[in-house]
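> fold the following.
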Amino acid sequence: MDADAAIMLEVIREDNLVLEARMEAMQAEKEALRQSHDELRQAKAAAEARAAALDADLAALRKATGQEQMDPNAPSSMAWDEERRQLVAEKQASEKRAADLSKDLQRLYKRLKAAPGETDASVFDPLLEEQRAWSTQQRLVQDLLAQCRAKVVAVQHAPKRRRVEPSEPSEHDRMLADVIAHFQAETSDLREFERLEAQVLQERVAELQAAVEAPVLAGQLAALDDENRKGRAFVAGLQDDLKRLAAEKLQLAKDMSEAQRRIQALTMDLLQFKLEKNELKHELAAAQTRAASVAESADALEQQLAAATADASRLQDQLVETQAALLSAEAETTALAKEAAAREAAREAAAAAADAAEAQLAEAAAARDALAEEKAFWEAKVHALERVVKQYGAELTARQESVALPEPTPASIAHGERMVRGFFLRYYAAAESKHRELRTATADKDAALATQGADLSHVKHVLATVARAPLPADAAVAIEGLLATLDSRRT
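Numbering: from 1, shown residues only. Predicted coordinates:
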């Protein structure tokens with residue numbers, strides 16, 4: 001049970017380490033997104049400064065050309081600046097709320113990833129409940145991100161989907177509601193800011209087209225448009241990062257589901273271990289019952305042994321009486337035992353001699369077979385060598401006929417004859433020495449076989465002599481069998 005708990009804690013600890021690493025990566029990406037957002041805000045501030053400078057230049061140009069009057073319906077620059085300041089303040093407040101929510105989510109994650117020290121169900125049930133709440137929160141965040149993407153892409157605001165809220169919202173639900181409100185407000189502010197910015201740019205383009213320095217101002221406006229496109233591209237990149245973060249959150253939810261599955265598997269293993277433990281307890285009780293019955297049987301056997309001991313003492317007296325009668329019969333059987341021992345010794349000696357002769361015959365047959373195989377091998381080798389020599393001579397003749405070689409000189413002819421003569425002399429010398437060795441080995445093996453045959457004949461003569469003597473029936477049958485075996489092997 002302790003081993004299972006240690007394994008389960010180790011698995012949970014590894015999962016927590018993986019989740020913590022992913023959370024750190026998400027935090028780093030969030031910081032990078034925040035820095036990029038700050039850079040974009042600085043770029044927008046610089047663009048606004050350049051727009052203010054252009055407004056000043058345009059006002060000076062109108063003053064110089066007598067066109068200082070403006071459209072009374074157009075909003076003043078102070079109103080635009082005030083509205084922009086309000087939008088910036090609201091955006092900063094939204095960022096602060098998002099940072100607070102992120103800290104709350106981190107604290108919630110740290111509380112969830114704390115591994116329990118016990119394996120009791122009362123400890124795992126709260127963890128599983130929090131895990132299910134976390135999965136629900138992830139699904140709600142996915143729905144929120146889908147709505148944000150739909151609102152950014154759509155031309156008009158899509159109708160808001162109605163969601164059924166629980167009667168008593170929890171802390172997680174309130175946090176999610178705040179996050180949803182933050183994203184909705186930020187998206188609405190961004191769209192309104194883009195609309196106002198587009199309107200301002202259109203008005204500036206109309207004013208600059210009527211000015212004397214329209215080409216220069218148009219180039220500056222194009223630069224502003226380029227910067228605006230870069231800003232929009234950056235916003236699109238931020239949206240892609242949001243999509244990737246959503247995918248990673250979904251992966252985290254899957255990992256949490258996998259951890260839950262592992263916890264359930266470990267719980268099932270623990271239950272199986274408890275069942276096996278109960279079965280072993282039942283088997284131990286049965287074994288103790290059997291041991292008690294065996295002890296009772298041992299007591300009964302001890303009583304029977306006491307009765308048998310009394311019977312044995314009575315039988316001992318009868319045995320003493322019978323031993324006196326057996327002493328007289330033992331003297332008569334002693335002579336018969338000596339005669340039987342002599343016959344048994346003769347039979348064993350004959351059997352040993354027959355076994356030795358059989359082993360020698362087997363060795364002689366094996367040696368003769370090996371000698372025949374070796375002789376056949378060398379004869380085949382001699383024939384193969386002769387074929388090679390003939391083939392070499394035929395190839396040499398064919399090459400001499402096919403290739404127009406120069407006329408051989410007497411020196412080359414003499415050298416070739418010496419080489420051929422030396423080759424055949426070495427070949428026949430080696431063959432003769434090998435043949436001589438084979439003949440010597442064959443003669444030695446024939447002599448050994450003759451010696452073994454003489455020994456076998458002697459053994460057969462001894463067995464025939466023993467068989468003619470009066471012997472018991474089984475000894476006579478064994479000796480006749482040995483003689484028949486020797487005759488069959490000799491033939």
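> need the CA coordinates for stretch 464-473. PDB is fine.
Written as PDB, here are the backbone C-alpha positions of stretch 464-473 (Å, rounded to 0.1, in the frame of the first residue of the first chain):
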ATOM      1  CA  ALA A 464      31.900 -71.200 -23.600                       C
ATOM      2  CA  THR A 465      33.900 -73.000 -20.900                       C
ATOM      3  CA  VAL A 466      31.700 -71.400 -18.200                       C
ATOM      4  CA  ALA A 467      28.500 -72.200 -20.100                       C
ATOM      5  CA  ARG A 468      29.500 -76.000 -20.100                       C
ATOM      6  CA  ALA A 469      29.700 -76.000 -16.300                       C
ATOM      7  CA  PRO A 470      26.500 -76.500 -14.200                       C
ATOM      8  CA  LEU A 471      25.000 -73.100 -13.600                       C
ATOM      9  CA  PRO A 472      21.600 -71.600 -12.600                       C
ATOM     10  CA  ALA A 473      19.100 -71.200 -15.300                       C
END
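> check the average confidence over that stretch, would you?
Averaging pLDDT along stretch 464-473 gives 72.
> same check, this time on stretch 143-158
Confidence for stretch 143-158, expressed as mean pLDDT, is 60.
> and stretch 270-279, by the same measure?
Stretch 270-279 carries an average pLDDT of 77.
> now swap in stretch 48-59 and tell me
In the prediction, stretch 48-59 has an average pLDDT of 69.
> what does stretch 230-241 give?
Mean predicted lDDT for stretch 230-241 stands at 75.
> same deal with stretch 195-209?
On average, stretch 195-209 scores 65.
> give the next helix or strand downstream of the helix or strand harbouring residue 237.
Residue 237 belongs to helix 214-402 when assigned by DSSP states H and E. Using DSSP H and E, the next helix or strand after helix 214-402 towards the C-terminus is helix 410-468.
> packing partners for that following helix?
Using 3 or more C-beta pairs under 8 Å, 6 or more residues apart in numbering; DSSP states H and E, the elements in contact with helix 410-468 are helix 214-402, helix 473-490. C-beta here means a position set from N, CA and C on the backbone, and glycine is covered the same way.
> any idea how far residue 447 is from residue 266?
According to C-beta to C-beta, to the nearest Å, residue 266 and residue 447 sit 83 Å apart.
> ok, residue 355 next?
Residue 355 sits 23 Å away from residue 447, taking C-beta to C-beta as the criterion.
> how about residue 248?
Distance from residue 248 to residue 447, counting by C-beta to C-beta: 95 Å.
> same thing with residue 485?
In this view, residue 485 and residue 447 are 25 Å apart by C-beta to C-beta.
> kindly report the same for residue 38.
Residue 38 is 112 Å from residue 447, by C-beta to C-beta.
> before we move on, what about residue 261?
86 Å.
> neighbour count: residue 266 and residue 447, which is higher?
Using other C-beta atoms under 10 Å as the criterion, residue 266 and residue 447 rank with residue 266 on top: 19 against 10.
> pLDDT at the more buried one, what is it?
The score at residue 266 is 77. That number is its pLDDT.
> how about residue 258?
82.
> same check, this time on residue 32
73.
> can you check the one 4 residues further on too?
Note on residue 36: pLDDT of 67.
> now residue 99
Confidence at residue 99, expressed as pLDDT, is 66.
> ok, residue 321 next?
Looking at residue 321, its pLDDT stands at 62.
> same thing with residue 178?
Looking at residue 178, its pLDDT reads 72.
> what's the neighbour count on it?
Residue 178: 15 neighbours (other C-beta under 10 Å).
> also residue 256?
Neighbours around residue 256, by other C-beta under 10 Å: 19.
> and residue 372, by the same measure?
Residues within reach of residue 372, counting by other C-beta under 10 Å, total 11.
> what of residue 456?
Neighbour count of residue 456, defined by other C-beta under 10 Å: 21.
> ditto for residue 26
Number of residues near residue 26 (other C-beta under 10 Å) recorded here: 16.
> check which helix or strand covers it.
Using DSSP H and E, residue 26 falls within helix 2-65.
> assign residue 470 to helix, strand or coil.
Assigned with DSSP: H, G, I helix; E, B strand; the rest coil, residue 470 falls in the coil class.
> against residue 476, how distant is it?
Going from residue 470 to residue 476 by C-beta to C-beta gives 9 Å.
> which of the two has more neighbours?
The neighbour count for residue 470 versus residue 476, taken as other C-beta under 10 Å, is higher for residue 476 (16 against 6).
> for the more buried one, which non-adjacent residue is closest in space?
Among residues not flanking residue 476 along the chain, residue 467 sits closest, at 6.5 Å (C-beta to C-beta, 6 or more residues apart in numbering).
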